[in-house]
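S.K.: Return atomic coordinates for the entry below.
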Amino acid sequence: MLALFQQGIPAIFFPALEARGWRIVTFPTDVTAASAVFATDEAAQAQAIFFRANFALNKPLLDLLQKLEIAALVSTGSDNLDRDELHRRGIRFVSGEGANAQAVFDYVIQALCFGEFDFARDSLGVVGAGRIGRRVLKFLQSVGTRTAFYDPLLADPGSLAGVLECDVVTFHTDLTRTGEHATAAMLDDEYFSSVKKKLRIIQASRGGIWNAEFYRNLKKHPHLEILAQDVYPDEPPPAQNLGLAKFSTPHTAGYSTHGRLGGIVKGIKAILPDFDASPYFPHSSAWFLDEETALFASEPQRFHALRDNYFWRSEFWEYSEKDRNLYLQRFPRLAAEIAQQLFNFQQK
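M.R.: Residues are numbered from 1 along each chain as shown. Presented below is the predicted three-dimensional model:
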């Protein structure tokens, strides 16, 4: 039995798979280079493929993998994937959707804390009330923060106008190119036309929801500024784009230990339903948004390397006492009762 793994996916479970009789072949993210691997006699026998959202698994590649039974997307965002072709071939699709939701929630909260957001005074708008957006809303409402949301795919869509009247807006939408509510390039001058006061943006969803020209000229907008950005219209982003935000990170918002490994575990369970991942999870620790921003700013050319090689990061709910104290030292203005709720907050 043979499984293909995209390079950059942590190899932490490889020994366990090999012990259960699976052989592992890795392949590069570049489609042309991946094609060369898939065309080999060995790789062509693969029954499973594990890949990330930045890999374009399309018909020409699938033509090379005639034995494929399972396609496991270990992260979120399937716009690079030909789902129809998988369905036509009878290949089971497994998604890591939701595995990194808590990690992205942590990113948003850190961005708010570093942005000196006042949970009692300020307001937050959420666009996209799915797994991540619901977490953000639930927590902020539990601590008494004023919120608004907009998601046109829900029976109660909320209000975009209400969201854009908030002090901060955070986006958690898929990247879609068709349909009445397509999100590709939706963030443009028209989208923000009603904004008449300062509005800070957190963008940790998909870079493609930006209108590229509008994004490049964002500093000219009289009311908009980016508080934190983790995704970009072009990736890797030009170094000058990092300066558009107070905090810029290399597409790692969901990269907690559970976020990075949870999607892989979902895929492994599709081929080994009784697989127990818990013995393989490494020790993790607290992380800070400003430190990751400084590292990225110092080495912007290492976008992919930084993305693939961050240390194992804890989520708030699993912080040790030491990590909790360190966090409180960084944010002395954070009310004790809010911090307590934050460290105990975990939504399945």
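
S.K.: For the most far-flung residue of the chain relative to its centre, report the pLDDT, please.
M.R.: Computed with Cα atoms, centre = their mean, the maximum C-alpha offset from the centroid of the chain is found at residue 41, amounting to 34.4 Å. At residue 41, the pLDDT value in this model is 94.

S.K.: how close does it sit to residue 66?
M.R.: Per Cβ to Cβ, to the nearest Å, residue 41 is found 12 Å from residue 66. Where C-beta positions appear, they are placed from N, C-alpha and C, glycine not excepted.

S.K.: what's the answer for residue 16, then?
M.R.: For residue 16 relative to residue 66 (Cβ to Cβ), the value is 27 Å.

S.K.: Compare those two and say which is more crowded by neighbours.
M.R.: Relative neighbour count places residue 16 above the other of residue 16 and residue 66, with 16 against 10, counting by other Cβ atoms under 10 Å.

S.K.: count of neighbours near residue 136?
M.R.: The burial count for residue 136: 26, using other Cβ under 10 Å.

S.K.: show me what contacts it?
M.R.: Going by Cβ atoms under 8 Å, 6 or more residues apart in numbering, residue 136 touches 105, 108-109, 124, 126, 170, 172.

S.K.: hmm, 6 Å instead?
M.R.: By Cβ atoms under 6 Å, 6 or more residues apart in numbering, residue 136 lies in contact with 105, 108, 126.

S.K.: can you check residue 81 too?
M.R.: With Cβ under 6 Å, 6+ apart, residue 81 has these contacts: residue 57.

S.K.: Can you tell me how far it is from residue 53?
M.R.: Counting by Cβ to Cβ - residue 81 and residue 53 are separated by 8 Å.

S.K.: Please enumerate the helices of the stretch 101-250 of the chain.
M.R.: Along the stretch 101-250 of the chain, counting by DSSP state H, counting those that start in this stretch, helices occupy 101-114, 131-142, 160-164, 212-216.

S.K.: Any stretches of this protein with poor pLDDT?
M.R.: 347-348 (pLDDT under 70).

S.K.: Could you chop it up by domain?
M.R.: Using automatic domain parsing, the domain parsing of the chain gives 2-99+257-280, 101-251+338-343.

S.K.: Surely the residue farthest from the centre of the chain is in a strand?
M.R.: No - under DSSP: H, G, I helix; E, B strand; the rest coil, residue 41 sits outside any strand and is assigned coil.

S.K.: Quick check: phi and psi at it.
M.R.: Main-chain dihedrals, residue 41, degrees, to the nearest 10: phi -60, psi -40.

S.K.: just checking, residue 4 touches residue 45?
M.R.: No - contact status for residue 4 versus residue 45: not in contact, 10.1 Å apart, counting by Cβ atoms under 6 Å.

S.K.: between these two, who's got more neighbours?
M.R.: residue 4 (24 against 15).

S.K.: Spell out the secondary structure type for the more buried one.
M.R.: Assignment for residue 4 (three-state DSSP): strand.

S.K.: Likewise for residue 25?
M.R.: Residue 25 - assigned by three-state DSSP - is strand.

S.K.: Just list whatever residues bridge to it.
M.R.: residue 4 (DSSP bridges).

S.K.: right, and it touches residue 6 too?
M.R.: No - contact criterion Cβ under 6 Å: residue 25 and residue 6 do not qualify, at 10.7 Å.

S.K.: and those two? which has more neighbours close in?
M.R.: Per other Cβ under 10 Å, whichever of residue 25 and residue 6 has more neighbours is residue 6, with 19 against 16.

S.K.: ok, the more buried one - contacts?
M.R.: Residues in contact with residue 6 (Cβ under 6 Å, 6+ apart) are 51-52, 55.

S.K.: Sort out for me which of the residues you listed are in strands.
M.R.: Among the contacts of residue 6, the ones falling in strands (DSSP state E) are residue 51.

S.K.: nearest spatial neighbour of residue 271, skipping sequence neighbours?
M.R.: Excluding the flanking residues, the one nearest residue 271 by Cβ to Cβ, 6 or more residues apart in numbering is residue 48, at 5.4 Å.

S.K.: Number of residues surrounding the one you found?
M.R.: Other residues within reach of residue 48, judged by other Cβ under 10 Å, total 25.

S.K.: distance of it from residue 9?
M.R.: 12 Å.

S.K.: isn't residue 316 right next to residue 106, touching?
M.R.: Yes - Residue 316 lies in contact with residue 106 (Cβ under 6 Å); the separation is 5.5 Å.

S.K.: Nearest spatial neighbour of residue 49, chain-adjacent residues omitted?
M.R.: Residue 49's closest residue in space is residue 4 (Cβ to Cβ, 6+ apart), at 4.4 Å.

S.K.: contacting residues around that neighbour?
M.R.: Each residue near residue 4 by Cβ under 6 Å, 6+ apart is listed here: 25, 27, 46, 49.

S.K.: Burial check on the closest residue in space to residue 113 that isn't next to it in sequence, number of neighbours?
M.R.: Spatial nearest neighbour of residue 113, chain neighbours left out: residue 331 (4.8 Å); criterion: Cβ to Cβ, 6+ apart. Look at residue 331: counted by other Cβ under 10 Å, it has 15 neighbours.
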